[in-house]
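Q: output the structure for:
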Amino acid sequence: LIQFGVIVVVIDCMVEHEGNEVIQQKGCAILALLASTENLQVNLSIAETDGIDMIVSALAGFTENTLIQTDACRALSHLSIDHESRMLISSQGGLILLVNAMNKFREEVDLLEAACSALLNLSSDAEEQVLAGSSVVETVVSTMRHQLNAPRLQEKCLGVLQNISMRSKDSKRAIADAGGIGAVTFAIKEFMGSPSVLERSFTTMWSMAVLEQNQVIIANEGGISLVINGMMANITYEKVQKQACGCLCTLSSNSQNKTLIRDLGGVDAIVYAMWAHYNSEALLIEACRALSSLAVNVQTNEVMIASEGEISAIMSGMRRFPHSERLQEHACVALRNFLLSADNAAIVQPQAAELQQLMNA
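A: Purely as a prediction, here's the structure:
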């Protein structure tokens, strides 16, 4: 296509007939189709021949045309896979135009999915001031609340919130202020059987929970019980379990949340995850971190009474990955915290010799 000049011809035609609605729609549709291959050479050719400029121009110039808006959003979603293209799209106002399209066509799921796919890419490295000024967070949260029966759209919206949340404390606060935590917990509840939605939800919640005030909001929204229920309903999905363990670890830095996680069966859910995915070093690390945090409540000077289940799961991980420094570290910290209780020490005592060997390995 590049060799035969197809891309150049399409873009030249769009430039020549910039005010022609039909030609702009066809041009955006062709460029979206070509970019959908996500072939770097094709995308580079589109960018170098001012294709992105024309797509953004069509998005700005034909705000009432659903087809143009959808095809332009779809094209930008495929063209924004590399950093340079993302910067170009943002600098030309593409990010704001995508948000405007989402606000205008709230019933068009195809358009919303395409726009969210583009925002998912753009939000990974757009300037925070641009994100804040374009009302991305408010629009994404509003879309999640309005389109309750679109799992793919929910997943993409969660991805945008995840990217923005990971930027800064101010971003986490902005998402919470916009009602984002409620939108995330609703997505978990509504799509409990969708591992991809849950993975995104737990990752976003994990990031949001870094702020102390958000930990309280998450608990009040029923987020803790939803995470635990999601773990139990999706035990075979490693990524879901890993993100959930990380989420519970961060949430448990709040004393009341720590008690709530224990009471709701969070410890059992973590142990089940460890046994179900005993070959996953990454999951075991997050699980040991979570157990370490749950074992001790500094504010109440309380040590959780463990069972053989927690101790066995931790030691099994140590055996499985004897050369993993991070896993050994977090496993040892978890055991140390449990051993602050004489009752727990009695459980570990029969395995003391093996534990000593594992720690010296």
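
Q: count the residues that sit near residue 62.
A: 18 (other CB atoms under 10 Å). For the C-beta atoms, the positions are set from N, CA and C on the backbone; glycine is no exception.

Q: so who does the nearest residue to residue 27 once chain neighbours are set aside touch?
A: Distance criterion CB to CB, 6 or more residues apart in numbering; nearest residue to residue 27, sequence neighbours excluded, is residue 14 at 4.0 Å. Listed by CB atoms under 8 Å, 6 or more residues apart in numbering, the contact partners of residue 14 are 23-24, 27, 54, 58.

Q: helix/strand/coil for residue 14?
A: Put simply, residue 14 is helix when judged by DSSP: H, G, I helix; E, B strand; the rest coil.

Q: when you give positions from now on, start the count at 799
A: Fine by me, first position is 799 from now on; the one you just mentioned is residue 812.

Q: if I look at residue 950, how far off is residue 991?
A: According to CB to CB, to the nearest Å, residue 950 stands 14 Å off from residue 991.

Q: check residue 942 too.
A: Residue 942 is 18 Å from residue 991, by CB to CB.

Q: how about residue 1003?
A: Residue 1003 sits 18 Å away from residue 991, going by CB to CB.

Q: quick one: which of those two has more around it?
A: Neighbour comparison, residue 1003 and residue 991: the larger count goes to residue 1003, with 32 against 11 (by other CB under 10 Å).

Q: where does the stretch 999-1148 of the chain dip in pLDDT?
A: Within the stretch 999-1148 of the chain, the set of residues satisfying pLDDT under 70 is empty.

Q: again, 80 this time
A: 1148 (pLDDT under 80).

Q: show me where it has its helices.
A: In the stretch 999-1148 of the chain, the helices defined using DSSP state H, counting those that start in this stretch lie at 1010-1018, 1021-1031, 1036-1049, 1053-1061, 1064-1074, 1079-1093, 1106-1118, 1123-1136, 1140-1146.

Q: wait, which of these is closest to residue 916?
A: Nearest to residue 916 among the helices of the stretch 999-1148 of the chain is helix 1036-1049 (23.9 Å), distances taken as CB to CB.

Q: from the contact counts, what lies against the closest one?
A: helix 993-1006, helix 1010-1018, helix 1021-1031, helix 1053-1061, helix 1064-1074, helix 1079-1093 (3 or more CB pairs under 8 Å, 6 or more residues apart in numbering; DSSP states H and E).

Q: now with 6 Å?
A: With contacts taken as 3 or more CB pairs under 6 Å, 6 or more residues apart in numbering; DSSP states H and E, helix 1036-1049 sits against helix 993-1006, helix 1021-1031, helix 1064-1074, helix 1079-1093.

Q: now those helices in a markdown table, with distance to residue 1057?
A: Output for these, formatted as a markdown table (distance: least, CB to CB, whole Å):
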| stretch | distance to residue 1057 |
| --- | --- |
| helix 993-1006 | 19 |
| helix 1021-1031 | 10 |
| helix 1064-1074 | 10 |
| helix 1079-1093 | 9 |
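
Q: contacting residues around residue 823?
A: Contacts for residue 823 were tallied using CB atoms under 6 Å, 6 or more residues apart in numbering; they are 865-866.

Q: same deal with the one 3 residues further on?
A: By CB under 6 Å, 6+ apart, the residues touching residue 826 are 853, 856, 866, 869-870, 873.

Q: quick check: it vs residue 943, distance?
A: Taking CB to CB, one finds residue 826 at 29 Å from residue 943.

Q: burial of residue 1121, as a residue count?
A: Residue 1121: 7 surrounding residues under other CB under 10 Å.

Q: state the distance from it to residue 1156.
A: Residue 1121 is 12 Å from residue 1156, by CB to CB.

Q: same thing with residue 1110?
A: Distance of residue 1110 to residue 1156, given as CB to CB: 13 Å.

Q: for the two, indicate the residue with more neighbours.
A: Taking neighbours as other CB under 10 Å, residue 1110 and residue 1156 compare with residue 1156 leading, 19 against 15.

Q: surely that one is within a strand?
A: No: under three-state DSSP, residue 1156 sits outside any strand and is assigned helix.

Q: wait, what's in contact with it?
A: Contact analysis of residue 1156 by CB under 6 Å, 6+ apart lists residue 1116.

Q: likewise residue 1002?
A: By CB under 6 Å, 6+ apart, the neighbours of residue 1002 are 956, 959-960, 963, 982.

Q: could you check how far the residue nearest to it when sequence neighbours are not counted is from residue 1007?
A: Spatially, and ignoring its direct neighbours in sequence, residue 1002 is nearest to residue 960 (4.3 Å; CB to CB, 6+ apart). Look at residue 960 and residue 1007: by CB to CB, they are 12 Å apart.

Q: quick one: which of these two has more around it?
A: Neighbour tally, residue 960 and residue 1007, criterion other CB under 10 Å: the higher count belongs to residue 1007, 29 against 24.

Q: tell me how many other residues surround residue 992.
A: Residue 992: 20 neighbours (other CB under 10 Å).

Q: spatially nearest residue to it, not counting backbone neighbours?
A: Once flanking residues are discounted, residue 992 sits nearest to residue 949: 5.3 Å by CB to CB, 6+ apart.
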